[in-house]
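Novice: fold the following.
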Amino acid sequence: MSITLKRAYEAPSSRDGYRVLVDRLWPRGVSKEDARIDAWPKEAAPSDELRKAYHDGKLGWGEFRRRYLAELKSQRDTLRELAERARKGNITLVFSSKDERYNNAVVLKQYLRMLRQ
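Specialist: The predicted structure follows:
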């Protein structure tokens with residue numbers, strides 16, 4: 001029972017469990033067949049405004065994280081399903097960002113862990 005993170009450009013694995021795309025946009029150059037995504041809850045992704053501001057450098061990581069957590073709180077009921085699924089088995093949050101340390105999947109994983117408790 002775990003929540004793992006994986007770039008959309010990495011090959012799926014049987015250990016991934018339930019694969020959830022956590023970006024609002026589909027990753028470039030990745031076919032839906034190759035991605036093997038089980039769910040794509042777009043409401044779990046940062047808003048377009050927030051995503052663009054962060055990627056354009058108008059927001060630092062701390063501010064992005066704070067604002068994204070506020071957005072996630074408004075989706076709490078939807079996200080409880082993911083948290084419950086993670087309690088029962090493995091889920092993998094799939095993202096396309098090149099930065100594996102500072103991206104929305106990292107924040108969403110933290111939020112889901114909080115909901116599981």
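Novice: for the rest of this, base every contact and every neighbour count on C-alpha atoms.
Specialist: Will do.
Novice: which residues of this protein score low on pLDDT?
Specialist: Scanning the chain for pLDDT under 70 picks out 1, 117.
Novice: I'd like to know which elements the host helix or strand of residue 72 is packed against.
Specialist: Taking DSSP states H and E as the definition, residue 72 sits inside helix 61-73. On a contact count with 3 or more Cα pairs under 8 Å, 6 or more residues apart in numbering; DSSP states H and E, helix 61-73 meets helix 48-55, helix 104-116.
Novice: please state the offset of the shortest one from the chain centre?
Specialist: Here helix 48-55 is found 15 Å from its chain centre; the criterion is Cα atoms, centre = their mean, to the nearest Å.
Novice: what angle do that helix and helix 104-116 make?
Specialist: 120 degrees (axes from the mean of the first three to the mean of the last three Cα atoms, to 10 degrees).
Novice: for helix 48-55, packing partners?
Specialist: Helix 48-55 packs on helix 61-73, going by 3+ Cα pairs under 8 Å, 6+ apart.
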